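**Q** Let me see the structure of the following:
(one chain, ligands or ions: 1)
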Amino acid sequence: MSGLKLTLLLTVLLLTVTMISGASGQGESLDKTDLNILYVPGVADPFYYSMEKGALMKAEEMGVSLDVSEYPELWEPAVQIPILKRAIAAKKYDLIMIAPVANDALIVPLKECYNQGIQIITVDTKIGDGLYTLPSDWSFPLAHIGTDNFAGAVYLAETLAEQVNEKGKVYINTTTEETSTTEERKNGFMEGISHFPEMEIVQIDYNGDLQTVAMKQTLSALMKNPDLVAAFGTNVFSSQGVSAAVKNAGLSGAVRVAAWDATDSLIASLRNGEVDLVLAQKPAEIGALAVEWAYKYLIDHKEIPPSITSGYVVFNKSNINNPEMEQYIY
Ligand code: T6T
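**A** Here you go, the predicted structure:
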């Protein structure tokens, strides 16, 4: 081999190794003061603000740097993808903790980050089928941290069924078909209702994560199905839209409402008798854990689990005044 060819080969090899290990490769020794994490939320809503708080507190406690990207005003890949492009261009981040807003559309943009040496932890929502340990185009994230959406929704459906004597027609209002979390909730709720032979889901609407759309859709579902006994909103804007529609139609109490996400507004609706159940996720815990895992993997060089589900609690009329529950509102 000529000297030139050998030099070229060595350069290519060196570049490849650098690309693979990247700024954050486990092979490199990174001091905690050099660790730079970026948090990319899904949309501007109380759930992601609470996750930010948990992540920032943990970052401060551990002495690492955490930046928070701009908050997208819409639940939309076209808004979230440019944030990732800017993160790559910044040449600063070792790890991105992100709630991807679509399970397909975010695979390639996140892979580009990964190829630049940036590790990925998905928080709340996932990419692909969320199984990062099996070989696939989306197996590159380090880990996933989020709620057990399916189980939570089964629980809500079964509890709501008891409240309506296990009979009647039910409505679901949700975000988009590409959102892993709300699809899991929709499926879990359908599973729960299927345990009751005299109950039926009569309509499912997708609102694009827009509260005004959720409200209009619910109003029209109430008109189309005057004998609805219950409705389920799968996240903040879906639930707030559902509960506003039921209230505006003068049907509070007659149509039971199960809400996902414990915002101040939904807790107030529970107090006013406009909502019957509110599931609280633990976003601050998810955010804190993502920072802890980033540290453990990149600074301590320890293995971290590929995924974990964080817990949830359910507010109802009996526990709403319990001071212990206060901490779960976001
Ligand atoms: O319900 C949360 C989150 O878990 C979901 O993935 C998207 O919607 C929220 O952010 C609430 O609006």
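**Q** So what sits opposite Ala231 in the bridge?
**A** Taking DSSP bridges as the rule, Ala231 bridges to Tyr171, Val257.
**Q** Neighbours of it, how many?
**A** 30 (other C-beta atoms under 10 Å). (Each C-beta comes from the backbone N, C-alpha and C, glycine too.)
**Q** Double-check that Ile308 belongs to a strand.
**A** Yes - with DSSP: H, G, I helix; E, B strand; the rest coil as the criterion, Ile308 is located in a strand.
**Q** pLDDT score for it?
**A** What the model reports for Ile308 is a pLDDT of 96.
**Q** That one is in contact with Leu289, isn't it?
**A** Yes - counting by C-beta atoms under 8 Å, Ile308 does reach Leu289; the two are 7.2 Å apart.
**Q** and for those two, which residues touch both?
**A** Counting by C-beta atoms under 8 Å, 6 or more residues apart in numbering, the contacts common to Ile308 and Leu289 are Ile145.
**Q** Looking at the two, which one has more neighbours?
**A** Applying other C-beta under 10 Å to Ile308 and Leu289 shows that Leu289 carries more neighbours, namely 22 against 14.
**Q** Grab the nearest non-local neighbour of the more buried one.
**A** In space, and not counting its chain neighbours, Leu289 is closest to Ile145: 5.3 Å by C-beta to C-beta, 6 or more residues apart in numbering.
**Q** What strands line up against the host helix or strand of the one you found, and which way round?
**A** Following DSSP states H and E, one finds Ile145 within strand 143-147. Sheet pairing for strand 143-147, assigned by DSSP bridges, gives strand 119-123 (parallel), strand 307-310 (parallel).
**Q** any idea which of those is most buried?
**A** Highest mean neighbour count among the strands paired with strand 143-147 (mean count of other C-beta atoms under 10 Å): strand 119-123, with a mean of 26.
**Q** quick one on the thing from earlier: neighbouring contacts of the strand holding Ile145?
**A** 121-126, 130, 132, 181, 281-282, 286, 289-290, 293, 304-312.
**Q** which parts of the very next helix or strand once past it are buried?
**A** Of the helices and strands lying after strand 143-147 in sequence (DSSP H and E), the nearest is helix 149-163. Across helix 149-163, burial judged by 16 or more other C-beta atoms under 10 Å covers Asn149, Phe150, Gly152, Ala153, Val154, Tyr155, Leu156, Ala157, Glu158, Thr159, Leu160, Ala161.
**Q** Model confidence score at the third one, please.
**A** In the prediction, the pLDDT value recorded for Gly152 is 98.
**Q** same deal with the first one?
**A** Predicted confidence (pLDDT) for Asn149: 98.
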